[in-house]
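S.K.: Sequence and computational prediction follow.
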Amino acid sequence: MKRIAVLTGGGDAPGLNAVIRAVVKTAIQDCSCEVLGIRDGVDGFLKPDGILPMDTAQVRGILPRGGTILGTANRGNPFAHRLVQGGEEVIIDQSDAVIRRIQDLKLDALVIAGGDGTLNIAQRFYRKGVPVVGIPKTIDNDIGGTDFSFGFDSAVNCAMEAIDRLHTTAESHHRVMVLELMGRHAGFIALHAGVSGGADVILIPEIPFRMEAVVQQIRMRQEKGSPFSILAVSEGATLQGSRPVYASLGDEINAPRLGGIGEMVNTALNNQYGIESRLIVLGHLQRGGSPTAFDRWLGTNFGSSAVHLAAAGRFGHMVSLHGSQIEAVSLEQALAVTKRVDPHSNAVRTARAMGIYFGDEVPA
Ligand code: F6P
């Protein structure tokens, strides 16, 4: 292996810079390899200034930094690339142009850190003969084949801190606080932050809820002398018999964006049930800032192991965490199922044992 490239795609996640640093250092130190950084995701291959030769000087001091020094894009899909031709917007498949650039650059391996969207693109390139190795990245923790993706722990800590802060003001004003959290169709962020921060109600997509059950839990707490409640609401949570609430529906280029369930719950509490509540949408704060130690550790291990996988010629695979071991799993296997919270898992059982309600049953 003489030349390797690394790119980051999809929404950013704390720990991406640890990945980039580890790829560069491992490729240079262990493989005596030249490293290129691709700017702003796969689209970088199509831009004149999209390729950046990298050495250890460029990755010095970036471990504590959030975001990605290479930039990213969650709209970049070379299989459906938006162009303006003759004043009109057209969508074309530019994957062959990307492959030609990869061949011109004489790349022996391409490391792609991304969520399920980007890893699907990676898999399609692999099928077309590109020597790809994947790295699972998402704050949502919804990628199959790995116990955890980096970024999740930082997002959970941010959400947990928000719950801690909301406790003091909620308690002082005897109010209900509705905190809407990210996670797409997986409730891991709300579940982990809710348990760690001591939320009173956790609403997640995997356990559809009823407003009446939520209200009864709030009222029961009031009767027992706790006139405040904290609700951790995953953006993908749904009312029983309803569909998720979207902020925008998306199209062939842009993914749909969830958002609005917190607003719905908050409005119902205030207007329908006469319970004073306030809405907080934590949003992109969960993706920003310095990565936790765990995400730096995982990002570093993933980046370094991805280079070793490439050196061993194990393309079409993704690095993954199983227990405490870094392993490899085929992209096909990892992408076959999206990971979701198991409503019957120990984690949910533990939350219920802590007195946390999921809005699916009326409190006893
Ligand atoms: O997948 C990560 C994530 O942060 C989701 O939790 C959220 O729904 C989405 O990305 C937001 O995406 P955008 O950056 O397009 O607002």
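M.R.: Perfect, I can see it now.

S.K.: Would you tell me which residues of this protein are close to the ligand?
M.R.: Residues of the chain found near the ligand (CB under 6 Å from any ligand atom) are 11, 74, 115, 138-140, 182-184, 235, 257-258, 287. Using the backbone N, CA and C atoms, a C-beta is placed for each residue, glycine as well.

S.K.: Considering those residues, which is situated nearest to the ligand?
M.R.: Nearest to the ligand out of the residues of the chain next to the ligand is residue 182 (CB to the nearest ligand atom; 3.2 Å).

S.K.: Now do the same for the closest one: its pLDDT.
M.R.: Turning to residue 182, the model gives it a pLDDT of 98.

S.K.: How many neighbouring residues does the residue nearest to it when sequence neighbours are not counted have?
M.R.: Using CB to CB, 6 or more residues apart in numbering and skipping the chain neighbours, the partner closest in space to residue 182 is residue 286 (5.2 Å). Other residues within reach of residue 286 by the criterion other CB atoms under 10 Å amount to 25.

S.K.: now swap in residue 10 and tell me
M.R.: Residue 10 has 24 neighbouring residues, counting by other CB under 10 Å.

S.K.: thinking again about what came up before, and the residue nearest to residue 182, what does it touch?
M.R.: Residue 286 makes contact with 139, 155, 158-159, 181-182, 189 under the criterion CB atoms under 8 Å, 6 or more residues apart in numbering.

S.K.: what do you get for residue 115?
M.R.: With CB under 8 Å, 6+ apart, residue 115 has these contacts: 9-11, 13, 136-138, 140, 142-143, 149.

S.K.: And the pLDDT for it?
M.R.: Listed pLDDT for residue 115 reads 96.

S.K.: domain assignment for the chain?
M.R.: Structural domains annotated on the chain: 3-150+291-323, 155-288+342-353, as defined by automatic domain parsing.

S.K.: ok, of the contacts of residue 286, which come out buried?
M.R.: For the contacts of residue 286, a neighbour count by 16 or more other CB atoms under 10 Å gives the buried set as 139, 155, 158-159, 181-182, 189.

S.K.: and those residues as a markdown table, adding secondary structure?
M.R.: Shown next, in a markdown table, are these (DSSP: H, G, I helix; E, B strand; the rest coil):
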| residue | secondary structure |
| --- | --- |
| 139 | coil |
| 155 | helix |
| 158 | helix |
| 159 | helix |
| 181 | strand |
| 182 | coil |
| 189 | helix |
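
S.K.: just the strands in the stretch 1-150 of the chain please.
M.R.: Listed in chain order, the strands of the stretch 1-150 of the chain (DSSP state E, counting those that start in this stretch) span 3-8, 34-38, 51-54, 81-85, 88-92, 109-114, 132-136.

S.K.: which ones are touching residue 74?
M.R.: Counting by CB under 8 Å, 6+ apart, residue 74 has contacts 9-11, 41, 117, 255.

S.K.: with the contacts of residue 286 in mind, which one is nearest to the ligand?
M.R.: Set against the ligand, the nearest of the contacts of residue 286 by CB to the nearest ligand atom is residue 182 (3.2 Å).

S.K.: quick one, what contacts the closest one?
M.R.: Residue 182 is in contact with 139-140, 155, 189, 234-235, 282-283, 286-287, counting by CB under 8 Å, 6+ apart.

S.K.: Same question for residue 199.
M.R.: Residues in contact with residue 199 (CB under 8 Å, 6+ apart) are 163, 179, 193, 230-232, 356.

S.K.: Output those in JSON lines; the columns should cover neighbour count.
M.R.: What follows is the contacts of residue 199, written out as JSON lines (neighbours: other CB atoms under 10 Å):
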{"residue": "163", "neighbour count": "25"}
{"residue": "179", "neighbour count": "24"}
{"residue": "193", "neighbour count": "28"}
{"residue": "230", "neighbour count": "25"}
{"residue": "231", "neighbour count": "30"}
{"residue": "232", "neighbour count": "34"}
{"residue": "356", "neighbour count": "20"}
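
S.K.: out of those residues, what pair is the most spread apart?
M.R.: Maximum pairwise distance in the contacts of residue 199, criterion CB to CB, is 13.6 Å, between 179 and 356.

S.K.: picking up where we left off before, between the strands of the stretch 1-150 of the chain, which gets nearest to residue 28?
M.R.: Of the strands of the stretch 1-150 of the chain, nearest to residue 28 by CB to CB is strand 34-38, at 6.6 Å.

S.K.: so how far is that closest one off the chain centroid?
M.R.: How far strand 34-38 lies from its chain's middle: 24 Å, per CA atoms, centre = their mean, to the nearest Å.

S.K.: For residue 334, which non-adjacent residue is spatially closest?
M.R.: residue 145 is the one closest to residue 334 (CB to CB, 6+ apart), at 3.1 Å.
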